[in-house]
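**Q** No letters, just coordinates:
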Ligand code: TMP
Ligand code: MG
């Protein structure tokens, strides 16, 4: 038996080496120079493990603004769900100016790598609270939201259709967790024809009075850095997410990393971070925080390639596992 041990281990190692090479050829998107990873080996192991468990064990949790939507197009910023509301159909010129001043004041704080989350937190509450108060004063009309979205120039990232459609076909739940405006978000995905039944949304929803005018926002305020509270109070209760211990998480802010905190008994969490803005200043913290960082990538190519791999036929996996079992 002693003589057999090295003989047994060599082929197993060979099989595992071939397996890793297969990943590289099967997910070539991970070799793009815009893809950064702190521990490539661990990412590959996690993806393998998720593939072995199959689509039935997977859930996807994603941020919305600047994650599922593009950051910019032809050199112009693509509007967030809040910024879609900056339309004369819905708000006055005076309110528009005030919202822009707030954006120019607080967005740089949101993405400032030299400030701690603790320092940012009260300032984010201040920003969202001021914006929501202004929007309520405008008594925004529910029946005009669809037109405002249509006129806004909002854009989902390239490859969005495959992303949403594959998840729906495979019955993989997609939880969109957004500090934006839920009603606007819904309208964006509805107009892009990807509001499928597997989509759940946690966001700031508008409360309209009987005439259809905005009178308040519902529930707990969600801003960029309190998604953990939302995850624990809302996501944990979503029945279709239970029994799915593998999570693919997409975000563009470090605050998005807490969106999976409501997932109990998780096995693998693979996090993908879009680094859209202030790239050099934030690169290091993103690489240290997300498993995969996508630098100025306006597409969903990498998440799509990973999803395609995880949900692909399990034949190859079965052959290799069978081979491993025979050798062991
Ligand atoms: P998200 O959680 O879907 O990314 O939405 C939050 C983003 O919305 C955040 O990055 C900042 C942005 N935002 C605006 O663009 N305008 C606003 O008025 C507010 C309050 C937030
Ligand atoms: Mg975002």
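**A** Done, it's in. Nothing here was measured: the structure is a model prediction, and the numbers come from that model. Residues are numbered from 1 along each chain as shown. Ligands and ions are numbered 1, 2, ... in the order given.
**Q** alpha carbons only for contacts and neighbour counts from here, please
**A** OK.
**Q** quick one: low-confidence ranges for the stretch 201-328 of the chain?
**A** Scanning the stretch 201-328 of the chain for pLDDT under 70 picks out the ranges 313-328.
**Q** mind checking how far whatever residue of it ends up closest to ligand 2 is from residue 279?
**A** Per C-alpha to the ion, residue 252 is where the stretch 201-328 of the chain lies closest to ligand 2, at 5.0 Å. Relative to residue 279, residue 252 is positioned 12 Å away (C-alpha to C-alpha, to the nearest Å).
**Q** end-to-end on stretch 177-197?
**A** By C-alpha to C-alpha, the extent of stretch 177-197 from end to end equals 16 Å.
**Q** wait, what's in contact with the residue of the stretch 201-328 of the chain closest to ligand 2?
**A** 63, 66-67, 273-276 (C-alpha atoms under 8 Å, 6 or more residues apart in numbering).
**Q** Could you save those as a markdown table and add columns showing secondary structure?
**A** Converted to a markdown table, those look like this (DSSP: H, G, I helix; E, B strand; the rest coil):
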| residue | secondary structure |
| --- | --- |
| 63 | coil |
| 66 | coil |
| 67 | coil |
| 273 | strand |
| 274 | strand |
| 275 | strand |
| 276 | coil |
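**Q** ok, back up a step: for the closest residue to the residue of the stretch 201-328 of the chain closest to ligand 2 other than its chain neighbours, list each beta-bridge partner.
**A** In space, and not counting its chain neighbours, residue 252 is closest to residue 274: 4.6 Å by C-alpha to C-alpha, 6 or more residues apart in numbering. Taking DSSP bridges as the rule, residue 274 bridges to residue 294.
**Q** So what touches stretch 72-83?
**A** With C-alpha under 8 Å, 6+ apart as the test, stretch 72-83 has contacts from 65-66, 69-71, 152-155, 180-181, 184-185, 298.
**Q** want to throw those into JSON lines with distance to residue 244, secondary structure and neighbour count?
**A** Listed next are the contacts of stretch 72-83 as JSON lines, based on distance: C-alpha to C-alpha, whole Å; DSSP: H, G, I helix; E, B strand; the rest coil; neighbours: other C-alpha atoms under 10 Å:
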{"residue": "65", "distance to residue 244": "25", "secondary structure": "coil", "neighbour count": "25"}
{"residue": "66", "distance to residue 244": "26", "secondary structure": "coil", "neighbour count": "24"}
{"residue": "69", "distance to residue 244": "26", "secondary structure": "strand", "neighbour count": "24"}
{"residue": "70", "distance to residue 244": "28", "secondary structure": "coil", "neighbour count": "24"}
{"residue": "71", "distance to residue 244": "30", "secondary structure": "coil", "neighbour count": "26"}
{"residue": "152", "distance to residue 244": "36", "secondary structure": "coil", "neighbour count": "19"}
{"residue": "153", "distance to residue 244": "35", "secondary structure": "coil", "neighbour count": "12"}
{"residue": "154", "distance to residue 244": "32", "secondary structure": "coil", "neighbour count": "22"}
{"residue": "155", "distance to residue 244": "30", "secondary structure": "coil", "neighbour count": "20"}
{"residue": "180", "distance to residue 244": "26", "secondary structure": "strand", "neighbour count": "23"}
{"residue": "181", "distance to residue 244": "27", "secondary structure": "strand", "neighbour count": "23"}
{"residue": "184", "distance to residue 244": "28", "secondary structure": "helix", "neighbour count": "24"}
{"residue": "185", "distance to residue 244": "25", "secondary structure": "helix", "neighbour count": "23"}
{"residue": "298", "distance to residue 244": "28", "secondary structure": "coil", "neighbour count": "22"}
